[in-house]
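Student: Sequence plus predicted model, see below.
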Amino acid sequence: LISSATKSLRMETEILEKKLQDAQMKLAEKDGDKEKEIQSLKRLISELEFQLTMEKNNNESFLDKLRKEMKHKSDELEKLTQERTQLIHSLSQVQEENCLLQETVRRECEERCGLTAALGRARQQVLELRRLSGTFP
């Protein structure tokens with residue numbers, strides 16, 4: 001009975017040891033698979049971090065270009081605004097000068113008309129005097 005029980009326990013122990021070995025092998029296999037997956041994920045994370053760094057650098061470079069362009073456009077706009085203001089001021093001065101010249105021309109034309117009329121009257125008087133002096137010695 002003892003021998004049979006011992007034999008039975010040994011067989012059970014062998015079966016349990018075999019199951020333990022199988023379980024340990026499966027566990028080792030799973031651990032290996034997990035380690036491979038972890039390494040794969042680490043590589044993927046490294047690649048993604050590198051891509052993210054590259055994208056950040058590209059974005060910063062692009063933003064710097066945009067900032068420089070915006071500064072340039074802003075400076076150009078300010079310059080054009082100053083030129084526009086100066087041109088408006090110059091136009092105003094030219095318009096005032098034009099009005100003054102037009103007024104001067106108008107007065108001179110009136111004066112000329114007056115002088116022309118006076119010259120016409122003077123001619124008439126000279127002709128009248130000649131005609132009269134021709135009849136009187």
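Tutor: The structure has been received and is ready for your questions.

Student: Report the separation between the most centrally placed residue in the chain and E76.
Tutor: By Cα atoms, centre = their mean, the chain has its centre lying nearest to M70, at 4.7 Å. For M70, the distance to E76 equals 11 Å [Cβ to Cβ, to the nearest Å]. Where you see a C-beta, it was placed from the backbone N, CA and C, and this is true even at glycine.

Student: before we move on, what about N58?
Tutor: Relative to E76, N58 is positioned 26 Å away (Cβ to Cβ).

Student: for L52, same thing?
Tutor: As judged by Cβ to Cβ, L52 and E76 stand 35 Å apart.

Student: Also K30?
Tutor: Distance of K30 to E76, given as Cβ to Cβ: 67 Å.

Student: and what of T104?
Tutor: Distance of T104 to E76, given as Cβ to Cβ: 41 Å.

Student: got it, and N59?
Tutor: The spacing between N59 and E76, counted by Cβ to Cβ, is 25 Å.

Student: ok, now I88?
Tutor: In this view, I88 and E76 are 18 Å apart by Cβ to Cβ.

Student: Please enumerate the strands of this protein.
Tutor: Shown for the chain, no strands are assigned by DSSP state E.

Student: now it, which segments are flagged as low pLDDT?
Tutor: 135-137 (pLDDT under 70).
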